[in-house]
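Peer 1: have a look; sequence and predicted model below, questions after that.
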Amino acid sequence: MNFSEDQKLQNLVVSLYSNNQEVLRRAKEDLVQLGLPAVDPLIKAFKEIKLWLIAVEILAEIGEPALPSLIIALEDSTLDSFAFDAITRIGSPAVPLLIKSLSQKGDKRSWVVMALGTIGDKRAKEALFKVLEEDTDALVKLEAVRGLGKIGDEQVLAALEKISADKFNFVLREEINKGNRSGGN
């Protein structure tokens, strides 16, 4: 990106502070149209309280090109909840990259599992079962149960019932029972 393009991008991000709705609308449209070059500056905008919601909306509209940077942002405790929000708004297109990122260790695993559960795409079923079987973090396992409960097909519910029979899985059993009471959704 050359200097004038970089300056234009920075001006568009600054325009997001505008109280003029027309200026704000045009800046949002232009940033979505820019796509990938706008992703990192928008993720940095999460740190600005006034901009985080607008940045999430724009990143969700940019969609798939924003996903790799958003998944990386899950590792930053100052950005993780905003990145999670944008990823879940993008929805099903995020599932393959989220599943792939589960192979990496780190703090973002719980956010990734929670995003897969929130999206509720059946393609995440196998990955969530693997987390449930292999992960040592109880909170990550709990999010896997929640996600599997949201997917809620018969195979998932039967497997969760088997897990809930284990007398040592108190918290997981309670989550499974909640999911069964709500019909898996």
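Peer 2: Arrived safely, thanks for sending. Residues are numbered from 1 along each chain as shown.

Peer 1: okay but Ala27 is in contact with Ser15, surely?
Peer 2: Yes - in terms of Cβ atoms under 8 Å, Ala27 counts as a neighbour of Ser15; the distance is 3.7 Å. In short, each C-beta sits where N, CA and C put it, glycine included.

Peer 1: out of the two, which sits in the more crowded spot?
Peer 2: The neighbour count for Ala27 versus Ser15, taken as other Cβ atoms under 10 Å, is higher for Ala27 (21 against 17).

Peer 1: pLDDT below threshold where in this structure?
Peer 2: For the chain, the stretches with pLDDT under 70 are 1-3, 162-185.

Peer 1: at 80 what do you get?
Peer 2: Within the chain, the stretches with pLDDT under 80 are 1-3, 49, 105-107, 152-185.

Peer 1: all helices of it, in order?
Peer 2: Using DSSP state H, the helices found in the chain span residues 3-15, 21-34, 36-45, 52-62, 67-73, 80-90, 95-101, 108-119, 125-134, 138-151, 154-164, 170-181.

Peer 1: most packed of the ones you listed?
Peer 2: Of all those, helix 108-119 has the most neighbours on average by mean count of other Cβ atoms under 10 Å, namely a mean of 24.

Peer 1: distance check, the nearest residue to Val113 once chain neighbours are set aside against Ile90.
Peer 2: Excluding its sequence neighbours, the residue lying closest to Val113 (Cβ to Cβ, 6 or more residues apart in numbering) is Glu143, at 4.2 Å. With the distance defined as Cβ to Cβ, to the nearest Å, Glu143 ends up 19 Å from Ile90.

Peer 1: thanks a lot, see you next time.
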